[in-house]
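J.: need coordinates for the below:
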Amino acid sequence: MRVDEFDFELPEELIAQKPLPVRASSRLLHLDRQTGAIFHHQFTDIVQLLTAGDVLVLNDTKVMPARLLGVKEETGAKVEVLLLKQIEGDSWETLVKPAKRVKPGVTLRFGDGRLRAVCTGVTDAGGRYIRFEYQGIFQEILAELGQMPLPPYIKEQLDDPDRYQTVYARHEGSAAAPTAGLHFTPAILQALEDKGVILTYITLHVGLGTFRPVQAERVEEHQMHAEFFQMPQETAQVLNQAKAEGRRIIAVGTTSVRTLETVVRAQNGRFGACSGWTDIFIYPGFRFQAIDGMLTNFHLPKSTLIMLVSAFAGKETIMQAYREAVKQRYRFFSFGDAMLIL
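T.: Model (predicted):
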């Protein structure tokens with residue numbers, strides 16, 4: 001299957017640069033994956049579109065202030081470091097710009113030397129392994145010196161960093177937000193619970209590998225980066241009961257989809273408490289075992305994310321829905337509008 005099959009025309013002005021003033025004021029495209037029928041809503045209508053007994057699975061990861069601006073200690077040359085994932089202790093896998101300036105053995109300095117880092121190696125993908133040196137608590141230093149790591153297609157500064165967090169973000173560790181969840185407000189979550197929709201949580205720390213451009217010409221040749229996930233026992237019990245009773249499991253975001261499908265395969269068709277790393281790659285031909293629906297944003301052309309939603313609803317159905325979204329001027333990507341696939 002060729003990667004080019006997942007390309008589509010997207011006017012640049014439809015790429016949302018800022019979040020809307022009110023989270024829930026975004027639009028919602030409802031796609032019936034059986035018939036291909038498309039319905040246009042406001043996001044607040046999700047309360048009416050879901051039914052009592054549905055289980056909504058949300059990713060409660062929290063985005064780290066993972067972007068660090070510093071200098072090479074020897075020369076003072078400026079460098080930018082993006083934390084991707086913690087390897088062990090104070091060692092991290094990172095992306096560095098410009099990478100050619102940072103070779104193994106080079107020392108970097110941030111915040112007048114309050115935080116220092118030594119490059120210890122080069123990753124297979126051209127990133128850098130870095131070991132940090134500091135006095136105090138790393139998370140507190142990072143909160144003071146780090147910035148929110150917005151995607152590269154967002155050119156404007158974010159006035160309120162909390163708008164790149166979900167209202168239920170709890171466990172810090174992501175390099176990017178699980179953006180399908182950005183539309184929810186406490187009031188909407190409460191309205192869903194009042195209706196009888198069951199809210200439950202998993203954690204997947206989103207790495208930039210999820211958004212990494214697919215360089216291969218054929219889909220099957222692409223290799224996903226591994227991301228850390230956790231499935232709590234309480235969530236596993238809720239999901240197993242829903243399956244047994246024939247109730248719908250609806251994942252909020254592709255990160256939740258990937259976590260659920262990873263767990264159900266590792267647990268022989270059931271859900272169980274577990275944690276680990278997943279590099280599951282979902283594209284057309286994949287057989288879903290965990291979910292009955294998903295809420296997601298509109299994704300980049302030729303990305304692994306549009307391949308995932310195409311696997312769930314069918315490639316032609318998704319491409320038709322995307323053409324309709326462009327025609328109706330929906331807002332795309334991280335701060336854009338949402339799609340509910342049922």
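J.: where along the stretch 1-150 of the chain do the strands fall?
T.: Listed in chain order, the strands of the stretch 1-150 of the chain (DSSP state E, counting those that start in this stretch) span 27-31, 38-42, 55-59, 61-63, 67-72, 78-88, 91-97, 107-110, 115-122, 128-134.
J.: neighbouring strands for the third one, and are they parallel or not?
T.: Right, the one you point to is strand 55-59. Strand 55-59 has the following sheet partners, assigned by DSSP bridges: strand 198-204 (parallel), strand 249-252 (parallel).
J.: rounded mean pLDDT for that strand, please.
T.: Taken as a whole, strand 55-59 has an average pLDDT of 98.
J.: quick revisit: and of the strands of the stretch 1-150 of the chain, who's closest to Arg329?
T.: Closest to Arg329 of the strands of the stretch 1-150 of the chain is strand 27-31 (C-beta to C-beta; 9.2 Å). Every residue, glycine included, has its C-beta placed from N, CA and C.
J.: what's the angle between the closest one and strand 38-42?
T.: Strand 27-31 runs at 150 degrees relative to strand 38-42, counting by axes from the mean of the first three to the mean of the last three C-alpha atoms, to 10 degrees.
J.: nearest to Phe335, out of the strands of the stretch 1-150 of the chain?
T.: Comparing the strands of the stretch 1-150 of the chain against Phe335 with C-beta to C-beta, the closest turns out to be strand 27-31 (12.5 Å).
J.: just the CA trace of the closest one, in PDB.
T.: Taking C-alpha atoms only, strand 27-31 is exported to PDB below (Å, rounded to 0.1, in the frame of the first residue of the first chain):
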ATOM      1  CA  ARG A  27     -17.200  21.900  15.500                       C
ATOM      2  CA  LEU A  28     -17.900  18.100  15.300                       C
ATOM      3  CA  LEU A  29     -18.200  16.000  12.200                       C
ATOM      4  CA  HIS A  30     -20.100  12.800  12.900                       C
ATOM      5  CA  LEU A  31     -19.200  10.000  10.500                       C
END
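J.: and among the strands paired with strand 55-59, the most buried is which?
T.: Of all the strands paired with strand 55-59, strand 249-252 has the most neighbours on average by mean count of other C-beta atoms under 10 Å, namely a mean of 26.
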